[in-house]
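**Q** Below is the sequence, then the predicted model.
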Amino acid sequence: MEVVIGAADELARLAADAVEERVRARAALGSRAVLGLATGSSPLAVYDELVRRHREEGLSFAGVEAFLLDEYVGLAADDPRRYRNVIDQELVSRVDLDPDDVHGPDGLAADVPAACAAYEIAIVAAGGIDVQLLGVGADGHLAFNEPGSSLASRTRLKTLTRGTRADNARFFDGDVDAVPRHCLTQGLGTIMQARHLVLLAAGRAKSEAVHQLVEGPVSAMWPATVLQHHPHVTVLLDEAAASRLQLAGYYREAYAAKPPWQGL
Ligand SMILES: N[C@@H]1[C@@H](O)[C@H](O)[C@@H](COP(=O)(O)O)O[C@@H]1O
């Protein structure tokens, strides 16, 4: 696990570098990159940077396939809070990514277990996710895998905690009761199969979750700690999110002394 502590614009550039590198490398081989997209505030600056590179530097997403981490259950197909619509607005509609190549768990499925199983199969059929962008909840949730989630879980229905619903009420005019109770989410086991995980966290409210995920014991009580078992994780933090790290000095030194050939 590599921890980088820096300014917001630098972190967004690094995450965009990881995405761009994969997209260009796959295109050069004549194959398609598979991206894992996250919603929430954390990746927004990354999407802005990718859009800028698309417009100014010719970065093309044509042929790229993308999968969302999670989705609310029960929001109407045209509801702007539906994550599939959020990602259209934040990224897909601003670049040349074909909307038909962007997939999310179906929060309106009549047969939820079948829809979740189909989602898992679709990810595998695409060849697996090359780069997965991630945020983390203040309680350590990853995607919508709340505390207590199996570390081996697959895409399934979950019940949101009151805390997560309160955090996300800002997207529902501050009305916690308007936030759906249920969601479909990639499981922790699903997320762990992506080849490179790039997690962004900002602000003091995330500092305990960040401390646990980087330095705490692996536990379902802090679902993001499962990332300690992944061979290729990049954790991009602002100063406030990094403020409870015990080994922050070491992470800074390691990053500053990193051989240029190493990449992210
Ligand atoms: N389902 C999402 C997660 O995928 C996201 O990572 C997390 C943090 O969100 P934010 O980036 O807005 O802090 O909260 C939401 O509940």
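**A** Now that the structure is in, tell me what you want to look at. Just so we're clear, the structure is a prediction, and the values are computed from it rather than from any experiment.
**Q** Grab the nearest non-local neighbour of residue 3.
**A** Among residues not flanking residue 3 along the chain, residue 251 sits closest, at 4.0 Å (Cβ to Cβ, 6 or more residues apart in numbering). Yep, even glycine has a C-beta here, placed from its N, CA and C like the rest.
**Q** By residue count, what's the longest helix in the chain?
**A** When the chain is scanned for its longest helix (criterion: DSSP state H), the result is helix 8-28.
**Q** Show me which residues of it are buried.
**A** Residues 11-23, 26-27 are the ones in helix 8-28 that count as buried (16 or more other Cβ atoms under 10 Å).
**Q** quick one, what contacts the residue in the stretch 101-250 of the chain that the ligand sits nearest to?
**A** Across the stretch 101-250 of the chain, no residue is closer to the ligand than residue 135, which sits at 2.6 Å (Cβ to the nearest ligand atom). Listed by Cβ atoms under 8 Å, 6 or more residues apart in numbering, the contact partners of residue 135 are 38, 40, 41, 42, 43, 199, 200, 201.
**Q** I'd like to know which elements the longest helix of the chain is packed against.
**A** Under the contact definition 3 or more Cβ pairs under 8 Å, 6 or more residues apart in numbering; DSSP states H and E, helix 8-28 sits against strand 34-37, helix 44-57, strand 131-134, strand 196-201, strand 233-237.
**Q** As JSON lines, these with mean pLDDT and distance to residue 63 would be great.
**A** Listed next are those as JSON lines, based on pLDDT from 0 to 100; distance: least, Cβ to Cβ, whole Å:
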{"stretch": "strand 34-37", "mean pLDDT": "98", "distance to residue 63": "11"}
{"stretch": "helix 44-57", "mean pLDDT": "98", "distance to residue 63": "14"}
{"stretch": "strand 131-134", "mean pLDDT": "98", "distance to residue 63": "15"}
{"stretch": "strand 196-201", "mean pLDDT": "98", "distance to residue 63": "19"}
{"stretch": "strand 233-237", "mean pLDDT": "98", "distance to residue 63": "24"}
